[in-house]
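Asks: this one's structure only:
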């Protein structure tokens, strides 16, 4: 069964609004979670590493003020896309791993900004 | 900077064919190489490879890693239409994060 849960699966919003995406590890504690973005016909690109209890580490070119990451507990990380615009429309997916194991992916969130 | 290059980018075959997908990489402090299958949404895990020369096998799929030449291959024998997907190769270096290749889009026609 799924070990990483992501919600919502899809969201449509108006330009200028903010959208929050949740990622939960279901039966393990994840001190680190990862947020990826995938544009159509492109590969998964790492956006940021979410660290429980501390600031996220963003990859080059990712705006930290636009993509707010909060990892408030060992089982939950959230990604908030602030003031979303159509170019932010993409597939967002989180992942986490149990210690020493492979990464498990959430089911992903398809964001469409009108 | 860690890097993954997959080839071919796209491949069309007929059912029953055997295919080989390639993945070459550059990485600092290699930890593992992983293969994923992505159909519509989230990637599903296929293999994790950490040691050279040891083939991993699951049904019609198999994979092997060559750490000296820095590449891996994913083989699919007797392909079926259900194998149609994007196959992603990812490398894990010094940190836990994965760096993905662009993927190989496999289309299996009946």
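Replies: Arrived safely, thanks for sending. Here the structure is a predicted model, which is why all the values come from computation and not from measurement.

Asks: who's in contact with residue 80?
Replies: Using chain A here. A:18, A:19, A:20, A:21, A:67, A:68, A:69, A:70 (C-beta atoms under 8 Å, 6 or more residues apart in numbering or on different chains). For the C-beta atoms, the positions are set from N, CA and C on the backbone; glycine is no exception.

Asks: Chain B was what I was after
Replies: Residue B:80 makes contact with B:15, B:60, B:108, according to C-beta under 8 Å, 6+ apart.

Asks: Pull out the buried members of those residues.
Replies: Buried by 16 or more other C-beta atoms under 10 Å in any protein chain shown: residue B:108, out of the contacts of residue B:80.

Asks: Okay, and which of the contacts of residue B:80 map to helices?
Replies: Among the contacts of residue B:80, no member is found in helices (DSSP state H).

Asks: Identify, from the contacts of residue B:80, the entry nearest to residue A:9.
Replies: residue B:108 (27.1 Å; C-beta to C-beta).

Asks: centre of the chain versus stretch A:39-51, how much separation?
Replies: 9 Å (C-alpha atoms, centre = their mean, to the nearest Å).

Asks: Stretch A:68-88 too?
Replies: 6 Å.

Asks: again, but for stretch B:85-99
Replies: The chain centre lies 10 Å from the centre of stretch B:85-99; the measure is C-alpha atoms, centre = their mean.

Asks: Can I get the contacts of residue B:80 in a markdown table including pLDDT and distance to chain A?
Replies: Shown next, in a markdown table, are the contacts of residue B:80 (pLDDT from 0 to 100; distance: C-beta to the nearest C-beta, whole Å):
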| residue | pLDDT | distance to chain A |
| --- | --- | --- |
| B:15 | 97 | 24 |
| B:60 | 97 | 21 |
| B:108 | 98 | 19 |
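
Asks: how about the contacts of residue B:80 in CSV, adding distance to residue B:5?
Replies: Converted to CSV, the contacts of residue B:80 look like this (distance: C-beta to C-beta, whole Å):
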residue, distance to residue B:5
B:15, 28
B:60, 25
B:108, 23
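
Asks: count of neighbours near residue B:21?
Replies: As a burial measure, residue B:21 scores 22 neighbours (other C-beta atoms under 10 Å in any protein chain shown).

Asks: do the same with the one 5 residues further on
Replies: Residue B:26 has 14 neighbouring residues, counting by other C-beta under 10 Å.

Asks: Ok, residue A:111 next?
Replies: 21.

Asks: What strand or helix carries it?
Replies: For residue A:111, the element it lies in under DSSP states H and E is strand A:109-113.

Asks: who does that strand pair up with?
Replies: If you go by DSSP bridges, strand A:109-113 pairs up with strand A:10-13 (parallel), strand A:90-97 (antiparallel).

Asks: Output those in TSV; the columns should cover mean pLDDT, distance to residue A:114 and mean neighbour count.
Replies: TSV is the format used below for those (pLDDT from 0 to 100; distance: least, C-beta to C-beta, whole Å; neighbours: other C-beta atoms under 10 Å in any protein chain shown):
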stretch	mean pLDDT	distance to residue A:114	mean neighbour count
strand A:10-13	95	7	14
strand A:90-97	91	14	24
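
Asks: At the contact with chain B, which residues of chain A appear?
Replies: Taking C-beta under 8 Å from any C-beta of the partner chain as the contact definition, chain A meets chain B at A:32, A:34, A:42-46, A:49, A:91, A:93, A:95, A:97, A:102-108, A:110.

Asks: let's see 7 Å
Replies: A:32, A:34, A:43-44, A:46, A:49, A:93, A:97, A:102-103, A:105-108 (C-beta under 7 Å from any C-beta of the partner chain).
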